[in-house]
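S.K.: Below is the sequence, then the predicted model.
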Amino acid sequence: MLFWIRFLLWLTCASAMLLLAFLPIDTRTQLVTTFIILIIVAAMKMMRVEGRGRVVFLSLASAIVLRYVYWRTSSTLPPVNQLENFIPGLLLYLAEMYSVMMLFLSLFVVSTPLPPRKPFRTLSYDELPIVDIFVPSYNEEESLLANTLAAARNLDYPADKFTVWLLDDGSTEQKRQSTDLLAAKFAEQRHQSLQTLCSQLGVRYLTRERNEHAKAGNLNNGLNHSTGELVAVFDADHAPARSFLKETVGYFNDDPRLFLVQTPHFFINPDPIERNLNTFNKMPSENEMFYGIIQRGLDKWNAAFFCGSAAVLRREALNEANGFSGLSITEDCETALDLHSRGWNSIFVDMPLIAGLQPATFASFIGQRSRWAQGMMQIMRFRFPLFKRGLSLGQRLCYMSSTMFWLFPFPRAIFLLAPLFYLFFNLQIFMGSGGEFMAYTLSYMLVNLMVQNYLYGSFRWPWISELYEYVQSVHLLPAILSVMWDPRRPTFKVTAKDESVTENRLSEISRPFFLIFLILLIAFGVTIYRLYSDPYKFDVTLVVGGWNLVNLIMAGCALGVVSERGERQSSRRVQVSRRCEFSLGDKLYPAMIDDVSVNGASLQIFTRDRDIFKRDVLGAVTFQPHGSTEWAELPVTIRHSQFSGDIISIGCRYLPETVRHHELIADLIFANAQQWSLFQHSRRRNPGLIGGAFMFLRLSLTQTLRGMHYLLLLLAAKGKADVKPEGRP
């Protein structure tokens with residue numbers, strides 16, 4: 001009886017909402033009604049309502065969006081007989097409807113995400129499953145692999161209950177027998193070197209005859225040679241915390257149909273956008289919105305999917321599906337889609353338990369995102385989730401949201417070009433007055449921003465999503481078009497993670513961004529001219545010019561994104577606070593480790609001795625590894641020092657000579673997962689819509705100037721290079 005009462009109440013509210021959205025009213029009434037609803041929505045947002053209040057908030061916001069859709073569809077499209085206006089007008093309308101559809105799909109996913117999962121009960125030794133840990137590799141450096149393998153080998157889990165496998169696809173028989181002699185020699189040397197490393201670490205080494213089906217084929221080869229009940233997967237640059245298995249494997253005992261436990265990807269270095277904008281330490285990273293909000297929303301609908309790493313999977317489920325799927329180049333999401341359709345379950349554990357590396361250059365970042373976008377488009381073509389048999393309705397909508405998101409370059413391009421049709425060619429692609437724009441479009445934009453800030457405020461600041469989408473769209477658009485034309489054409493390409501930017505420079509793919517900025521700047525000048533030369537269209541020109549100005553601000557900020565900052569440090573440092581001792585010759589000094597990286601550490605040493613702490617002097621850091629009662633020694637060399645009273649701060653570089661030293665480095669950086677959670681939470685604050693908008697405006701101004709400065713330096717350098725010395729040919 002209670003169910004039917006709730007259903008009737010919901011049906012009544014939904015009917016009233018639809019009536020409000022599609023009721024014909026004049027512009028003045030619309031403006032007043034919208035203003036009242038916006039005040040209510042803003043007040044609820046400020047009060048941070050939750051529970052049923054959250055649903056009311058989203059319902060009121062949805063009413064404004066639907067109201068805009070109704071007006072936009074019924075009153076704003078140009079006449080069909082004016083093709084020069086109708087065609088671009090229709091494209092703009094379709095771009096907006098895509099955005100509205102994605103808004104409602106995202107609301108479905110994240111309107112009431114699951115809270116963080118409760119820890120499972122402690123398992124006895126006999127209950128602990130046997131786990132195979134796969135570390136697939138292709139072209140990564142040995143030192144990087146050593147740290148990841150050492151971290152995996154040192155997991156806090158019974159040693160006889162897990163096996164670590166290095167799945168080496170960079171030394172296959174196919175590569176070692178290549179007709180390219182240098183490539184064959186390199187593959188043979190890699191083969192022998194990694195075999196030695198694995199033997200020293202107590203890790204199983206496995207390669208195969210041919211590089212078939214990329215990462216999926218490599219993982220399936222690992223499945224064919226192992227027998228564990230569960231399979232954990234870590235990318236070569238994703239080192240796990242000691243607690244990874246203890247925090248994940250117990251969920252499989254609670255649900256015999258569980259095929260996946262996925263954890264977040266935490267990165268110890270900024271992506272190129274964060275590095276170039278200098279926001280890594282003060283603003284949440286892009287991936288935190290996905291893992292902190294979206295994956296929890298997907299989890300509610302049993303649609304949290306495999307993200308390629310930092311996950312544990314059940315072998316029984318993989319065997320049922322004949323292993324990891326390899327039809328697309330995003331084998332992770334495709335595998336999850338297949339297993340969900342077979343009735344298997346997944347969960348997401350919102351706890352960072354691995355630390356990885358992101359691409360260092362903007363070009364590599366775009367290459368990575370192009371692969372993701374193309375892979376999702378392949379899934380759309382080959383596995384169309386909406387009609388995939390075996391999925392629930394919620395799962396269908398969740399997978400459609402995840403795959404269709406990657407179509408964003410199309411509407412982004414249209415939103416960028418639309419104002420130019422009017423400013424440059426005087427085309428009327430949007431039929432509406434300035435008053436109607438205020439009553440409908442502006443209210444829609446404001447409520448959209450409110451909803452985003454309400455749902456994602458602590459994870460994504462205002463306008464940052466738009467910036468990420470814009471800088472990706474310029475190069476992702478042709479990549480998506482190519483996979484639509486030939487869905488089997490894209491091939492899996494490993495994202496480079498060992499690059500570095502040692503000096504300031506413009507990205508090699510930055511030219512389109514400067515060209516777009518120049519065009520938008522000219523359009524801004526045209527706006528000012530038309531405001532004075534054509535006063536009868538002042539309101540329309542003001543609206544379109546304002547739209548172009550927003551695009552110009554975004555494009556200006558993007559100039560800073562493609563202006564690569566050089567970094568003195570070759571790797572990102574992680575803040576720690578750990579007791580240690582520093583030995584120099586026969587002297588031992590009490591010390592604290594302040595921060596660590598994959599290459600070195602910073603120490604605070606308590607001493608009055610100054611003369612002996614010089615550059616390139618050899619020493620050692622002695623500390624107690626996690627889970628051990630004995631202290632261990634790691635050799636280092638001093639790189640720099642600074643004195644302050646009785647304390648000397650030194651920066652030192654590791655000098656690993658044995659496998660044990662790599663284990664100690666991994667323990668310093670990766671063993672403690674709590675430090676990553678603390679760092680994430682330190683950046684999670686909501687600046688609000690107004691504060692966030694001003695922050696972005698200030699950021700855009702500074703990055704525009706920085707981008708132009710880099711461009712002038714580049715042009716000056718080219719000018720000097722073109723001037724030939726007198727008397728020289």
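M.R.: Cool, the structure landed.

S.K.: Now Ile605. Its backbone dihedrals?
M.R.: The phi/psi pair for Ile605 (degrees, to the nearest 10) reads phi -110, psi 130.

S.K.: what do you get for the one 10 residues further on?
M.R.: Geometry field for Arg615 lists phi and psi as phi -60, psi 140, criterion degrees, to the nearest 10.

S.K.: Distance check, it against Arg653.
M.R.: Arg615 sits 11 Å away from Arg653, taking CB to CB, to the nearest Å as the criterion. Yep, even glycine has a C-beta here, placed from its N, CA and C like the rest.

S.K.: For these two, list the residues in contact with both.
M.R.: Taking CB atoms under 8 Å, 6 or more residues apart in numbering as the criterion, Arg615 and Arg653 both touch Arg639.

S.K.: ok, the two, which is more surrounded?
M.R.: A count of neighbours by other CB atoms under 10 Å puts Arg653 above the other of Arg615 and Arg653, at 15 against 11.

S.K.: who's in contact with that one?
M.R.: Contacts of Arg653 (CB under 8 Å, 6+ apart): Asn599, Gly600, Val636, Thr637, Arg639.

S.K.: In helices only, show me those.
M.R.: Assigned to helices by DSSP state H, none of the contacts of Arg653 qualify.

S.K.: which parts of the longest helix along the chain are buried?
M.R.: Criterion DSSP H: the longest helix present in the chain is helix 689-722. Neighbour-count burial for helix 689-722, counted by 16 or more other CB atoms under 10 Å, picks out 689, 692, 695-696, 699-700, 703-704, 706-708, 710-711.

S.K.: same check, this time on stretch 255-270
M.R.: So for stretch 255-270, counting by 16+ other CB under 10 Å, buried means 258-270.

S.K.: Let me see the domain layout of this protein.
M.R.: The chain breaks down into these domains under automatic domain parsing: 77-111+407-564, 128-358, 574-682.

S.K.: Out of these, indicate the one that is most buried.
M.R.: Burial of these is given as mean neighbour count (mean count of other CB atoms under 10 Å); domain 128-358 ranks first at a mean of 20.

S.K.: I'd like the average pLDDT over it.
M.R.: In this model, domain 128-358 has a mean pLDDT of 93.

S.K.: What is the longest strand of the chain by residue count?
M.R.: Ranked by residue count, the top strand of the chain under DSSP state E comes out as strand 632-644.

S.K.: strand partners of that one, parallel vs antiparallel please.
M.R.: strand 618-623 (antiparallel), strand 647-654 (antiparallel) (DSSP bridges).

S.K.: and the residue most central in space within the chain, how far is that from Leu260?
M.R.: Centroid check for the chain by CA atoms, centre = their mean gives Asn287 as the closest residue, at 3.2 Å. Asn287 is 18 Å from Leu260, where distance means CB to CB.

S.K.: Could I get the full set of helices for the stretch 151-300 of the chain?
M.R.: 173-176, 181-201, 214-224, 250-254, 272-277, 286-289, 295-300 (DSSP state H, counting those that start in this stretch).

S.K.: Would you mind telling me which of the ones you listed is nearest Gly545?
M.R.: Closest to Gly545 of these is helix 272-277 (CB to CB; 26.6 Å).

S.K.: Tell me the helices and strands packed up against that closest one.
M.R.: helix 362-383, helix 464-485, helix 538-561, strand 563-564 (3 or more CB pairs under 8 Å, 6 or more residues apart in numbering; DSSP states H and E).

S.K.: What lies in contact with it?
M.R.: By CB under 8 Å, 6+ apart, helix 272-277 touches 269, 280, 283, 285-286, 358-362, 364-365, 467-468, 471, 501, 557, 560-565, 567, 699, 703.

S.K.: again with stretch 295-302
M.R.: By CB under 8 Å, 6+ apart, stretch 295-302 touches 109-116, 262, 264, 304-305, 340, 345-348, 350, 392, 394-395, 397-398, 402.

S.K.: do the same with stretch 309-319
M.R.: Taking CB under 8 Å, 6+ apart as the rule, stretch 309-319 contacts 131-132, 223, 228-235, 238, 240, 245, 248-249, 252, 258-265, 306, 324, 335, 339, 342, 344, 353-354, 356.

S.K.: what about the longest helix of the chain, average pLDDT?
M.R.: 90.

S.K.: Stretch 381-392 now?
M.R.: 93.

S.K.: what does stretch 90-107 give?
M.R.: Mean predicted confidence for stretch 90-107 is 95.

S.K.: what sits up against it?
M.R.: By CB under 8 Å, 6+ apart, stretch 90-107 touches 58, 62, 65, 69, 72-73, 76-77, 294, 397, 400-401, 404-405, 407-408, 410-411, 414-415, 418, 429-430, 448, 451, 455.

S.K.: Please name the nearest non-neighbouring residue to Trp372.
M.R.: With sequence-adjacent residues excluded and distances taken as CB to CB, 6 or more residues apart in numbering, Trp372 is closest to Thr330, at 6.3 Å.

S.K.: State the helix or strand in which the closest residue to Gly228 other than its chain neighbours lies.
M.R.: Closest residue in space to Gly228, ignoring its immediate chain neighbours: Asp132 at 3.7 Å, by CB to CB, 6+ apart. Element membership for Asp132 (DSSP states H and E) is strand 131-137.

S.K.: And for Leu521?
M.R.: Using DSSP H and E, Leu521 falls in helix 511-533.

S.K.: Quick one: list the elements packing against that helix.
M.R.: By 3+ CB pairs under 8 Å, 6+ apart, helix 511-533 packs against helix 409-425, helix 464-485, helix 538-561, helix 689-722.

S.K.: pull the CA atoms of it into PDB?
M.R.: Output of helix 511-533 as PDB, limited to C-alpha atoms (Å, rounded to 0.1, in the frame of the first residue of the first chain):
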ATOM      1  CA  ARG A 511      49.100  26.100 -33.500                       C
ATOM      2  CA  PRO A 512      45.300  25.600 -33.900                       C
ATOM      3  CA  PHE A 513      44.700  27.200 -30.500                       C
ATOM      4  CA  PHE A 514      46.400  30.400 -31.400                       C
ATOM      5  CA  LEU A 515      44.500  30.500 -34.700                       C
ATOM      6  CA  ILE A 516      41.200  30.100 -33.000                       C
ATOM      7  CA  PHE A 517      42.100  32.800 -30.400                       C
ATOM      8  CA  LEU A 518      42.900  35.200 -33.300                       C
ATOM      9  CA  ILE A 519      39.600  34.500 -35.000                       C
ATOM     10  CA  LEU A 520      37.600  35.000 -31.800                       C
ATOM     11  CA  LEU A 521      39.600  38.200 -31.100                       C
ATOM     12  CA  ILE A 522      38.600  39.600 -34.500                       C
ATOM     13  CA  ALA A 523      35.000  38.600 -33.900                       C
ATOM     14  CA  PHE A 524      35.200  40.600 -30.600                       C
ATOM     15  CA  GLY A 525      36.300  43.600 -32.600                       C
ATOM     16  CA  VAL A 526      33.400  43.100 -35.000                       C
ATOM     17  CA  THR A 527      31.000  42.900 -32.100                       C
ATOM     18  CA  ILE A 528      32.100  46.300 -30.800                       C
ATOM     19  CA  TYR A 529      31.800  47.800 -34.400                       C
ATOM     20  CA  ARG A 530      28.300  46.300 -34.900                       C
ATOM     21  CA  LEU A 531      27.000  47.600 -31.500                       C
ATOM     22  CA  TYR A 532      27.600  51.100 -32.700                       C
ATOM     23  CA  SER A 533      26.900  50.700 -36.400                       C
END
